[in-house]
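Q: here is a sequence with its predicted model. Questions after.
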Amino acid sequence: MIGMNRLRAAYVELDPGIERYLVTSAHDDDNGLWQTYNRLGGPKPIWQPLASSWMFIAFVNSGLTGVLAALVAVALDAPGPLVGTVAAAGGLSFLAPP
């Protein structure tokens, strides 16, 4: 993101009139990064971890773990409510801290 802001800064340096057409910032300071990262909402450091790729991967892996647990329960001929419980427990156990 810093690199893209620096490229926009170079464009503005070449043609200062272009800055009014840019939607995101042409500055690589903290305010410029926040403007580029979340131009409508402003900085919200509390929500930052939820928007990260590692959190996305953790949720996908959690869902896949729940599906795997449910498939194992189905293979063992478990009743429907138990399959749901096993799936939920499997998915949540992946997100639990070690």
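A: Noted; the coordinates are in hand. Numbers count the residues shown, from 1 in each chain.
Q: lowest-confidence helix or strand of the protein?
A: One helix or strand of the chain scores below all others by mean pLDDT, DSSP states H and E: helix 30-37, with a mean of 70.
Q: and the next element down the chain from that helix?
A: Sequence-wise, the next helix or strand downstream of helix 30-37 (DSSP states H and E) is helix 53-75.
Q: for that next one, name the packing helices and strands.
A: With contacts taken as 3 or more CB pairs under 8 Å, 6 or more residues apart in numbering; DSSP states H and E, helix 53-75 sits against helix 80-95. (Glycine included, C-beta is placed from N, CA and C.)
Q: and the angle for the helix it packs on with helix 53-75?
A: Here helix 80-95 runs at an angle of 150 degrees relative to helix 53-75 (axes from the mean of the first three to the mean of the last three CA atoms, to 10 degrees).
Q: helix, strand, or coil at the residue of the chain most remote from its centre?
A: Going by CA atoms, centre = their mean, the residue of the chain most distant from its centre is D77, 36.5 Å out. Secondary structure for D77, judged by DSSP: H, G, I helix; E, B strand; the rest coil, is coil.
Q: need the pLDDT of it.
A: For D77, the model assigns a pLDDT of 95.
Q: can you check V67 too?
A: Note on V67: pLDDT of 96.
Q: residues near it, how many?
A: For V67, the count of nearby residues is 13 (other CB atoms under 10 Å).
Q: and if you look at the one 3 residues further on?
A: Neighbours of A70 under the rule other CB under 10 Å: 20.
Q: find me the pLDDT at it, would you?
A: At A70, the model reports a pLDDT of 96.
Q: check contacts around it.
A: V83, G84, V86, A87, G90 (CB atoms under 8 Å, 6 or more residues apart in numbering).
Q: what's the second one in contact with, if anything?
A: Translated: G84. The contact partners of G84, taken as CB under 8 Å, 6+ apart, are A70.
Q: isn't S93 right next to T65, touching?
A: Yes: contact status for S93 versus T65: in contact at 7.3 Å, counting by CB atoms under 8 Å.
Q: pick out whichever of the two has more residues nearby.
A: T65 (18 against 12).
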